[in-house]
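[1] Sequence below, structure please.
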Amino acid sequence: RAVMQAIGADAEEATRLVDAMEDEDLSIAACYRRLQGWIGKRLLVDKTPSYAFNTAVLRRAEATFENALYVHLARHPYGMIQSFEAARSDQVFVRKEHPFSPREVAEMLWFISHENITVFLAEIPAERRLFLSFEDLVRTPRPVAERLCAFLDLDFHEGLLDPYADADTRMTDGLRDLSRMIGDVKFHEHDRINPSVADAWKAELEADFLSEPTWRLAGTLGYERPAPKMFGGASKPVEQALAPIEPAPRVVGRGLPLSFAQQRLWFLEQLNPGSPLYNMPAAARLPIALDEAVLRQVLEAVVRRHEILRTTFQTVEGQPVQVIAPALALPFEMLDLTHLDEAEQEAASQRLARIEAERPFDLEAGPLWRAKLLRLGEADHAILFTMHHLLGDAASMGVFLREVTSLYTAFSQGLPSPLPPLPIQYADFAVWQRAYLEADLLTEQIAYWKQQLAELKPLALPYDVPPTNGSFRGGRATLSVPEALAGSVRAFSREAGATLFQTLLAGFKALLYRYTGQEDLSVGTVVAGRSRAEFERLIGFFVNTLVLRTDLGDQPSFRTLVHRVRARVLEGLAHQDVPFDKVVEAVRPDRDVRSNPLFQVAFALQNVALPALQQEGLSFRQIEANPGVAKTDLFLSVLEEQSELRLVMDFNRDLFSEPTVDRMLAHFVALLDGALKAPDIPVLDIALEEAVPVQPPDTLRRFDEDNFNF
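    Residues are numbered from 1 along each chain as shown. Prediction:
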């Protein structure tokens with residue numbers, strides 16, 4: 001198959017060439033040299049798993065190939081053992097008679113392979129080796145795949161995130177007329193990357209059977225031994241947590257419960273009714289001759305498909321419930337701006353976008369989303385879409401646009417919907433989530449957050465005006481990171497074994513340290529919360545908030561800070577199932593409607609923007625929409641657009657002036673540059689082009705404690 005792909009030969013020609021190489025008695029090295037010559041500048045990858053069982057083979061590879069690159073992919077021992085047992089891999093790797101059980105063989109294979117690899121790679125320069133965990137790969141495939149591509153000096157391709165798109169030819173033996181599976185024998189059973197497989201082994205684990213040497217080696221790879229209470233009787237609730245989500249019964253006249261994330265937003269809405277704070281605006285350009293009647297038909301189909309778009313929120317006996325309408329009058333309006341010139345169209349579009357983003361929703365009357373189509377020319381349109389956060393999140397916007405694109409393409413050709421039926425709706429998730437938590441399955445996770453976030457103190461941010469009112473008027477400042485520095489950040493992340501998110505968050509925390517002089521720093525971030533395959537095609541509010549706390553009391557170097565932040569991020573992801581409002585309830589911070597509990601500053605790396613979608617008949621191009629509101633005092637988003645990094649700081653205009661925020665962004669770039677030039681000196685000693693004054697803890701500028709509400 002490798003020969004066929006290298007030179008475009010058919011099976012007969014490839015067989016002849018392989019036979020000829022065997023007749024020449026070519027060595028493996030000589031065979032590889034010939035293959036590399038055939039493929040030219042393309043990268044030759046060898047993923048033979050049995051190499052790891054023999055250190056001599058690994059060392060021979062290092063002697064044979066010049067500047068070979070090594071990727072060490074590890075998986076939790078329990079996860080790999082479970083996979084080996086299911087696939088009966090002991091019969092593949094050990095074909096002689098032996099006295100061991102399949103489970104014992106699987107553990108030995110895990111231990112021997114990872115020990116050999118660890119010992120071997122210790123001798124290899126850091127720039128030629130890369131460690132990846134299977135768990136990170138399936139939970140956050142994009143940053144891991146991008147990191148792998150950067151290590152191999154390959155261009156990242158979106159197809160890497162959709163390995164099942166071409167299921168008929170991928171992972172098959174193409175030499176024969178009848179394809180036979182190679183690799184994952186269950187490949188055709190999948191249709192997407194499922195993050196839940198990372199921890200699926202927990203559902204079947206009843207006892208800790210691994211040996212001490214295996215646990216010691218697992219610890220060096222970053223895998224912690226589960227707590228004893230997870231074993232012996234705990235398997236039943238775990239199985240319940242991982243059970244399929246079933247549709248909840250719909251009873252006429254009776255609402256369904258809110259998810260915990262929805263309930264928190266509903267509560268905030270009661271405290272500040274009519275606020276646009278949780279409006280989610282999006283805008284896209286449609287540079288086509290649009291059939292507006294077909295677009296209306298498409299939107300009606302999406303509304304029928306997703307109950308959440310027909311949902312309002314009523315109060316019954318003091319408690320909110322979701323009320324799903326059987327039908328909805330489409331909140332869709334079309335405006336003709338073709339009579340305006342280009343400059344006037346741009347001004348009118350911006351004004352309308354701001355009006356739509358700031359116009360409040362009525363949670364009880366609904367609808368809680370609206371769309372406005374702007375006709376700019378015969379072959380040019382823009383669509384303004386606004387949704388209340390109770391209905392969805394950023395990923396929901398992607399679902400919405402993908403479905404609109406697919407349906408428009410089909411309907412414009414008189415074809416039926418190509419979208420498969422949805423097995424569940426968002427309300428089913430809400431019912432399941434409450435049963436999941438009421439079964440007390442997250443006790444350990446809640447205990448982690450309670451301990452991790454105990455006795456948090458507010459940040460002494462450099463406010464221009466003390467925070468004395470409850471306004472959420474938002475401003476936005478932007479700054480592009482120089483391309484060379486963006487490349488250096490990525491290279492340092494690879495060398496440090498960190499993700500781009502972790503390195504940039506460490507830089508942001510270093511900046512906050514320089515501004516406040518405070519050693520105990522907490523920053524909020526968000527996770528998608530779509531950890532199960534059932535959630536991926538749903539419009540709904542799945543996103544969850546994590547609070548990441550870091551101690552800089554020992555004045556760490558930037559490299560140490562990155563490692564420290566990485567550990568906190570991984571811990572946070574391991575405990576992300578607890579809804580944020582449950583964390584707040586457990587930690588019991590002082591509450592105030594004027595600000596977020598537990599943190600004042602947030603950070604995000606946005607490398608999954610709304611897709612630029614194009615099919616025959618319809619194309620979308622995202623337009624950045626400024627919401628004009630501030631949910632936190634400061635929110636730094638780093639937008640990753642191909643090789644570029646762009647900083648976007650949303651800020652509360654009643655607390656900060658634009659020059660102050662512009663200065664923060666400039667200092668962030670300068671600090672990153674200084675940190676990467678001297679990553680092993682204390683972050684307080686990193687030179688900045690324009691020095692940031694560091695205030696000793698005992699002379700920090702502080703406002704009255706009542707003004708620090710989180």
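[2] Show me what the helix or strand L265 falls within is packed against.
    Element membership for L265 (DSSP states H and E) is helix 260-271. If you count contacts as 3 or more Cβ pairs under 8 Å, 6 or more residues apart in numbering; DSSP states H and E, helix 260-271 packs onto strand 319-324, helix 426-438, helix 580-587. Just so you know, the C-beta spots here come from the backbone N, C-alpha and C atoms, and that holds for glycine as well.
[3] Dump those into CSV; add mean neighbour count, distance to E358 and mean pLDDT as well.
    Below are these laid out as CSV (neighbours: other Cβ atoms under 10 Å; distance: least, Cβ to Cβ, whole Å; pLDDT from 0 to 100):
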stretch, mean neighbour count, distance to E358, mean pLDDT
strand 319-324, 18, 24, 93
helix 426-438, 19, 26, 86
helix 580-587, 19, 25, 87
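[4] would you turn the ones you listed into TSV with distance to Y278?
    What follows is these, written out as TSV (distance: least, Cβ to Cβ, whole Å):
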stretch	distance to Y278
strand 319-324	14
helix 426-438	16
helix 580-587	14
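[5] And these: which comes nearest F151?
    Closest to F151 of those, according to Cβ to Cβ: helix 580-587, at 34.2 Å.
[6] what's next to that closest one, contact-wise?
    With contact meaning Cβ atoms under 8 Å, 6 or more residues apart in numbering, helix 580-587 is reached by 260-261, 263-264, 437, 442, 446, 449-450, 453-454, 456, 544-547, 591, 597-598.
[7] Could you identify the buried members of those?
    For the contacts of helix 580-587, a burial check counting by 16 or more other Cβ atoms under 10 Å picks out 260-261, 263-264, 437, 442, 446, 449, 453, 456, 544-547, 597-598.
[8] L605: which of those residues is nearest?
    L546 (13.3 Å).
[9] if you skip the residues just before and after it, what's nearest to that closest one?
    Spatially, and ignoring its direct neighbours in sequence, L546 is nearest to G572 (4.4 Å; Cβ to Cβ, 6 or more residues apart in numbering).
[10] which secondary structure element contains that neighbour?
    helix 558-574.
[11] Phi and psi next, for A325.
    Phi and psi for A325, reported as degrees, to the nearest 10, are phi -80, psi 140.
[12] what about it, how many residues close to it?
    Burial of A325 is recorded as 14 neighbouring residues (other Cβ atoms under 10 Å).
[13] which residues of the stretch 251-400 of the chain fall in helices?
    Ranges of helices in the stretch 251-400 of the chain, per DSSP state H, counting those that start in this stretch, are 260-271, 292-305, 342-358, 394-411.
[14] Could I get those helices in CSV, plus columns for distance to G507 and mean pLDDT?
    Putting those into CSV (distance: least, Cβ to Cβ, whole Å; pLDDT from 0 to 100) gives the following:
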stretch, distance to G507, mean pLDDT
helix 260-271, 29, 87
helix 292-305, 40, 94
helix 342-358, 30, 89
helix 394-411, 23, 88
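[15] Kindly list the main-chain dihedrals of V638?
    Torsion angles at V638 (phi, psi; degrees, to the nearest 10) stand at phi -110, psi 120.
[16] Please name the bridge partners of it.
    V638 has the following beta-bridge partners by DSSP bridges: L605, L647.
[17] The nearest residue to P416 once chain neighbours are set aside and V298, how far apart?
    Closest residue in space to P416, ignoring its immediate chain neighbours: A410 at 6.7 Å, by Cβ to Cβ, 6+ apart. Taking Cβ to Cβ, to the nearest Å as the measure, A410 falls 9 Å from V298.
[18] Which of the two has more residues huddled nearby?
    Set A410 next to V298 and count neighbours by other Cβ under 10 Å: V298 wins out with 23 against 20.
[19] give the contact list for that one.
    Counting by Cβ under 8 Å, 6+ apart, V298 has contacts 404, 407-408, 411.
[20] who wins for neighbours among those residues?
    Y408 (27 neighbours).
[21] Touching, that residue and L295? I think so.
    Yes: using Cβ atoms under 8 Å, Y408 is in contact with L295, at 6.5 Å.
[22] Helix, strand, or coil at the closest residue to S557 other than its chain neighbours?
    Closest residue to S557 apart from its sequence neighbours, by Cβ to Cβ, 6+ apart: D680 at 4.8 Å. What DSSP: H, G, I helix; E, B strand; the rest coil gives for D680 is coil.
[23] hang on, D680 packs against R559?
    Yes: in this structure D680 lies within contact range of R559 using Cβ under 8 Å: 5.7 Å.
[24] Neighbour count: these two, which is higher?
    Ranked by neighbour count (other Cβ under 10 Å), D680 and R559 place R559 first, with 21 against 9.
[25] That one and P462, how far apart?
    Using Cβ to Cβ, we find R559 at a distance of 27 Å from P462.
[26] Sketch out the strands for the stretch 1-150 of the chain, chain order is fine.
    Assigned by DSSP state E, counting those that start in this stretch, the stretch 1-150 of the chain shows strands spanning 70-74, 129-133.
[27] quick one: strands adjacent to the last one?
    Within its sheet, and counting by DSSP bridges, strand 129-133 is paired with strand 70-74 (parallel).
[28] Now tell me what touches the strand it pairs with from outside.
    The contact list for strand 70-74, computed with Cβ under 8 Å, 6+ apart, reads 114, 117-118, 121, 124, 128-134, 137, 148, 151-152, 221.
[29] Any of those buried? List them.
    114, 117, 121, 129-134, 137, 148, 151, 221.
[30] okay if I get the strands of the stretch 1-150 of the chain as JSON lines plus distance to A510?
    Listed next are the strands of the stretch 1-150 of the chain as JSON lines, based on distance: least, Cβ to Cβ, whole Å:
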{"stretch": "strand 70-74", "distance to A510": "29"}
{"stretch": "strand 129-133", "distance to A510": "25"}
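[31] Next, format those as CSV and append distance to D393 and mean pLDDT.
    Shown next, in CSV, are the strands of the stretch 1-150 of the chain (distance: least, Cβ to Cβ, whole Å; pLDDT from 0 to 100):
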stretch, distance to D393, mean pLDDT
strand 70-74, 31, 90
strand 129-133, 26, 88
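[32] Which among those is found nearest to A329?
    Closest approach to A329 among the strands of the stretch 1-150 of the chain (Cβ to Cβ): strand 129-133, 49.3 Å.
[33] quick check: angle from that closest one to helix 558-574?
    Angle, strand 129-133 to helix 558-574, by axes from the mean of the first three to the mean of the last three Cα atoms, to 10 degrees: 20 degrees.
[34] got the contact list for the most centrally placed residue in the chain?
    Nearest residue to the geometric centre of the chain (Cα atoms, centre = their mean): T140, 5.2 Å. Taking Cβ under 8 Å, 6+ apart, we find T140 in contact with T499.
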